[in-house]
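Asks: Compute the structure for the input listed below.
(chains A and B)
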There are 2 protein chains.
Amino acid sequence: MNTRRKQNHAPLLAQVVSTGDEVLTGAIVDSNSAYIAAALLETGLHVTRHTTVGDDAPRLRDLLVEIGDHTDIAVVTGGLGPTVDDITAQAAADAAGVKLIENQEALLSIQDFFNRFPRPMSLSDGKQAMLPENAIPVINRSGTAPGFKMTIGKCTLYFLPGVPREMKTMMTEMVIPAIKAEHVTTDYQQHYREKQFSLFGLPEAEVNQRLKEPSKRFGDVKLGMLARFPVIIVKLFAFGSDVEAVDRGIEKAAGHVREALDKWIFSDTCDSLESVVGALLKEKRVTVAVAESCTGGLISDRLTNVAGSSDYFLMSAVTYANEAKTAILHVSGGTIETHGAVSEETAREMAEGIRKISGADYGIATSGIAGPTGGTDEKPVGTICVAIAGPNRIVSKRRVLPFRDRIANKEIFAHMALDMLRRELSA
Amino acid sequence: MNTRRKQNHAPLLAQVVSTGDEVLTGAIVDSNSAYIAAALLETGLHVTRHTTVGDDAPRLRDLLVEIGDHTDIAVVTGGLGPTVDDITAQAAADAAGVKLIENQEALLSIQDFFNRFPRPMSLSDGKQAMLPENAIPVINRSGTAPGFKMTIGKCTLYFLPGVPREMKTMMTEMVIPAIKAEHVTTDYQQHYREKQFSLFGLPEAEVNQRLKEPSKRFGDVKLGMLARFPVIIVKLFAFGSDVEAVDRGIEKAAGHVREALDKWIFSDTCDSLESVVGALLKEKRVTVAVAESCTGGLISDRLTNVAGSSDYFLMSAVTYANEAKTAILHVSGGTIETHGAVSEETAREMAEGIRKISGADYGIATSGIAGPTGGTDEKPVGTICVAIAGPNRIVSKRRVLPFRDRIANKEIFAHMALDMLRRELSA
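Replies: Down below sits the predicted model:
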C-alpha cells in the first residue's frame, strides 16, 4: 500500500492507460480514459498523462515499468478477457518481475458469475483467474473478467476490464473508495471546482481577446476554452486545499467572464441553447412554431429534444420547395419572385405564416444556402436569413458565413435562429 | 527528412499525441487520436502508442524528447492557438533545443486567412507564427493556427491544431501525402485492409451470436464490433505484406458476415442510413415527404443532411399537437379519437396525408412516445408507430422499445422509419 504521500502536501500523481488494438488502430474512440481521468481528478489526484498501447505484451510491460518509476497511482483498462489477445496480466507480471498464478478468490468470483447464468464456464474463462502473484483481485459483478490491484515500482495500479459498463461500476464501487481510503487523507484534500459558460455568436479569437484584457485577472483559476461547434464553452477551474479560497477565486473569475462576454452567454449551468429557449418559453407561457428551409428540420429536432417541449412547441413545417412555401405557409409568390426564396422578405413571410397557421405566439423561420453547392455570387453558400415573428413585431437578419460544409452550416443557422428567439424572449 | 528506414523492411514506428487540459481532465473525449491512428495505419506505419498530456510545457517537452528517442514519425494535436494555454510550439522548441522565431510563411498564411474576413488580425493571432527555428509550416486554410513539421531526436513530428475539422483537412491534404512521399517506399509496404458493415435493427448480442457460429471462421482477419447507437458497425481488418492474401482473407470473411447478417446490413461502404435512402430515392427517381410526431424533425434533419437532397426531399410537417395533425395532414378526428394519436392507424393517415399534400411518391410518418414521461400502461414510453405510404401500398408497424431516454428513442425511431423506407425501396 502506497502511503508515502499521506504526510506531505504535494498532490499524488496519476496516469490512465488503455490497451487494445481496437483503440490503438482507431477502430474505436477511447472514452474510458476521459471517464477515469475525471473520476481521479475529483478525488484530488493530479492526472499527468493518458497512454494507449495495443495488444502487445512487451510494449505494455515497458509502459508499466515507466509508470512504476514516475507515478503514484494508475488505472489500466482492457486485455483481461479469456482470449489470446488478452495479455495485460502477463505484461503486468513481467513488469513487476513476478509470476502468474491461479488466484483462488478470482476463480471463485468467475465461478460465482457463471452460477447466475445458464451458460457453463469454459476452460478459457478460467484463464482469467491467472493473476500476478502479488495481485489482489478487484471483483467484477457484471462480467466474467476480474480486475486486480498490484504494485509495480513505486506505483499502485488498478487493472480493470475495458467494457465501459463493467469498468464504470468497478471504478465507482471499488477503485475510488480504495484510493480515498488508502491514499488520500482528510488532512490533505485537494479540492476541485469548475464553472462553465456556454456562448454563441462570437468567434473564438474575439472571445479570447475579450478575456485577455488586462483587467481580467484570474489568479490561480485556470481558464480553458472548448469549441463545441458552433457553441464555445469557457471553463474556469481551480484546485486547492482551502475550499473557501477556491470557491472565492472561481466566483471572482466568473464575474470577469460575465462582464466580458455578457449577452453572448446563454448558460452558466451547461444547458443547451434549446433548453434555455424552452425554459424561457415556459416561463413566459408562450408557444412557438417553426418554418424551416435550409435548416431542414434541425431547429424543431433540437427544440423537441427537451423533455416537456410539447407544452410550448406546436408544429414545424420544413418547406424545401417553393411550392410548399406558398401552399403551406402562404408566402406570396411575388415576394419569392422579387426577392428570391433566400431573402429576409421571404423569411419574414414564412415566420408570419407559420405563426398564423399554428396559432403560436412566436414563429421562427430560416431560409438560406447550406451548400456545398447552390450558391451564386450574390447569394453564396453560407448565406442565411432568419426571421422571428412575435406578438408585437417581426425581426429578421441576413448574414453570410464563411463555411462551405452543409452540416456545419445547418448547425450554425439553427443556433442563430434559436439565439435570436432567446434574445427576443429576454428583451 | 527521415529516410533511414527506406532501405530495410521493418515498418516505421509512429506515435500519436494529443494535448490539452480539457482532454487530460476528461472534460472532452479525444476523438482526434483515433482518426490520426487510423490514417497513419493506412499508410503502412506501425502505430505503437497514443499519449495525452495537459497544457503543461515541461511535461509535453519531456514526452517529445522520449518520442524523439523511440519513434520515427509522430503527429501531435492541440495547443497551437493564440492563448497563454497554447504551449505546444514552446515545448517543441525546448525538446529540440532550439528557439522560437517568427516564421514569415506562417505569418503570411495567418494574414491571408484574415484577409478573407471582415475582422482585423490581432496581436495575439500573430503569436501563432512563432515557431521553432527548424520548423516548416503546415498551412491551415480553414483556421488561424498554422501547423508545423520538425525533427526532434530521430523523429519527424507533425504538429496540428486540435480543432477536428482543421486537423482532418490538414491530415488528408498535407500530412499523409508528405509521409507517403518522404517515408514510405513501395519495396516495403505493410498492407492494411478493412471492411465495415453498418447494421440496423438487431441487438448487439444477437449480432455476436450470429457471427460466432462455428461455420464463421475469420482466419487472420480480425473482427471488431462498434456500437454507434442505434447503428452497429461490424469491422473486419487485417495486416500483411502479401496484399493479395490480405484481400482474399477480407473477402472471405466479408462473405461470412453478409450471410450471417443479410438484410440488416444497410451499407458496406460506411454510408449513413440517410445517404443510402437518398441514393435509392435518386436511383428510382422518386420523391419523399415526412410527417413527424415523436421524432420532432429528426427524420427530415437527417434526410436533408445529404448534399443534393433537394432533388427528392419535398417537405416535412412536424405535427406535435393533434390539431396540427388534423388541420395540416387531414388525419380524421375520428381516427385519433378511436385509436389515439399514437397508433398505426394515425401514422398511416399521417403518411398518406403528407404524401397527398406534398405530391411526393412516398410519405413517411412517425407517432410514438419518446419519453421520459407521457407513457401509459397500454402505451408505455418507447412505443413507436411508423408508416410508409407509397404509390402502391401503405405499410406500418408498431413496436415497444425498452429505452427511457428521449433522445435515444428519437434516434432509434428515426432510424426505424428510414430503414423501413429503405426496405420498401429495395423490395
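Asks: which is the next helix or strand following the lowest-mean-pLDDT helix or strand in chain A?
Replies: Ranking every helix and strand in chain A by mean pLDDT, DSSP states H and E puts helix A:123-126 at the bottom, with a mean of 74. Heading C-terminal from helix A:123-126, the first helix or strand you meet, by DSSP states H and E, is strand A:130-132.
Asks: Burial check on the closest residue to A:Pro146 other than its chain neighbours, number of neighbours?
Replies: The spatially closest residue to A:Pro146, leaving aside those adjacent along the chain, is A:Ala106, at 4.4 Å (Cβ to Cβ, 6 or more residues apart in numbering or on different chains). To be clear about C-beta, it is placed using only N, CA and C from the backbone, and glycine gets the same treatment. Other residues lying near A:Ala106 total 25 when counted by other Cβ atoms under 10 Å in any protein chain shown.
Asks: C-alpha coordinates for the helix or strand hosting A:Ala106, PDB please?
Replies: Here A:Ala106, judged by DSSP H and E, is contained in helix A:104-115. Output of helix A:104-115 as PDB, limited to C-alpha atoms (Å, rounded to 0.1, in the frame of the first residue of the first chain):
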ATOM      1  CA  GLN A 104      -8.400 -18.600  -5.800                       C
ATOM      2  CA  GLU A 105     -10.500 -15.600  -5.000                       C
ATOM      3  CA  ALA A 106     -10.600 -14.600  -8.600                       C
ATOM      4  CA  LEU A 107     -11.500 -18.100  -9.700                       C
ATOM      5  CA  LEU A 108     -14.400 -18.200  -7.200                       C
ATOM      6  CA  SER A 109     -15.700 -14.900  -8.400                       C
ATOM      7  CA  ILE A 110     -15.700 -16.200 -12.000                       C
ATOM      8  CA  GLN A 111     -17.500 -19.400 -11.000                       C
ATOM      9  CA  ASP A 112     -19.900 -17.300  -9.000                       C
ATOM     10  CA  PHE A 113     -20.700 -15.200 -12.100                       C
ATOM     11  CA  PHE A 114     -21.400 -18.300 -14.200                       C
ATOM     12  CA  ASN A 115     -23.600 -19.800 -11.500                       C
END
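Asks: other SSEs contacting that helix?
Replies: Helices and strands touching helix A:104-115, as assessed by 3 or more Cβ pairs under 8 Å, 6 or more residues apart in numbering or on different chains; DSSP states H and E, comprise helix A:123-126, strand A:136-138.
Asks: In three-state terms, label the residue of chain A most remote from its centre for me.
Replies: No residue in chain A has its C-alpha farther from the mean C-alpha position than A:Gly334, which lies at 46.5 Å (Cα atoms, centre = their mean). Following DSSP: H, G, I helix; E, B strand; the rest coil, we place A:Gly334 in the helix state.
Asks: Flag every buried residue along the strand or helix carrying A:Thr346.
Replies: Secondary structure assigned from DSSP H and E places A:Thr346 in helix A:344-358. Across helix A:344-358, burial judged by 16 or more other Cβ atoms under 10 Å in any protein chain shown covers A:344-355, A:357-358.
Asks: Mean neighbour count and distance to chain B added to the helices and strands packed on helix A:104-115, as a markdown table?
Replies: Putting those into a markdown table (neighbours: other Cβ atoms under 10 Å in any protein chain shown; distance: least, Cβ to the nearest Cβ, whole Å) gives the following:
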| stretch | mean neighbour count | distance to chain B |
| --- | --- | --- |
| helix A:123-126 | 14 | 13 |
| strand A:136-138 | 19 | 21 |
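Asks: Show me what the helix holding A:Ala106 is in contact with.
Replies: Identification of contacts with helix A:104-115 by Cβ atoms under 8 Å, 6 or more residues apart in numbering or on different chains yields A:120-121, A:125-126, A:128-129, A:131, A:137, A:139-141, A:143-144, A:146, A:148.
Asks: hmm, 6 Å instead?
Replies: A:121, A:125, A:128-129, A:131, A:137, A:139, A:144, A:146 (Cβ atoms under 6 Å, 6 or more residues apart in numbering or on different chains).
Asks: do the same with stretch A:124-134
Replies: Contacts of stretch A:124-134 (Cβ under 6 Å, 6+ apart): A:82, A:89, A:92-93, A:96, A:98-103, A:106-107, A:110, A:144-145, A:148, A:150.
Asks: next one: stretch A:364-379
Replies: If you take Cβ under 6 Å, 6+ apart as the criterion, stretch A:364-379 is touched by A:290-295, A:341-342, A:346-347, A:350-351, A:381, A:383-388, A:404, A:406, A:409-410, A:413, A:417, A:421, B:307.
Asks: Next: stretch A:196-216.
Replies: Contacts for stretch A:196-216 (Cβ under 6 Å, 6+ apart): A:231-235, A:256-257, A:260-261, A:264-268, A:270, A:415, A:419, B:83, B:122.
Asks: Show me what the mean pLDDT comes to for that stretch.
Replies: Averaged across stretch A:196-216, the pLDDT comes to 82.
Asks: what comes up buried for it?
Replies: For stretch A:196-216, a neighbour-count test (16+ other Cβ under 10 Å) marks A:196-202, A:204-205, A:207-212 as buried.
Asks: ok, so what distance separates A:Val381 from B:Gly353?
Replies: 34 Å (Cβ to Cβ, to the nearest Å).
Asks: Throw the helices and strands packed on helix A:104-115 into TSV and include distance to A:Lys282, thanks.
Replies: Formatted as TSV, the helices and strands packed on helix A:104-115 follow (distance: least, Cβ to Cβ, whole Å):
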stretch	distance to A:Lys282
helix A:123-126	53
strand A:136-138	46
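Asks: And A:Arg193, how far from chain B?
Replies: A:Arg193 is 13 Å from chain B, where distance means Cβ to the nearest Cβ, to the nearest Å.
Asks: next one: A:Thr25
Replies: Distance from A:Thr25 to chain B, by Cβ to the nearest Cβ: 6 Å.
Asks: Now tell me what touches the lengthiest helix in chain A from outside.
Replies: In chain A, taking DSSP state H as the definition, the longest helix is helix A:406-426. Contact with helix A:406-426 is made by A:200, A:230, A:273, A:277, A:280, A:294-295, A:298-299, A:364, A:366, A:368, A:370-372, A:384, A:386, A:388, A:390, A:403, B:305, B:307, as judged by Cβ under 6 Å, 6+ apart.
Asks: Tell me the buried residues within those residues.
Replies: Buried by 16+ other Cβ under 10 Å: A:200, A:230, A:273, A:277, A:280, A:294-295, A:298-299, A:364, A:366, A:368, A:370-371, A:384, A:386, A:388, A:390, A:403, B:305, B:307, out of the contacts of helix A:406-426.
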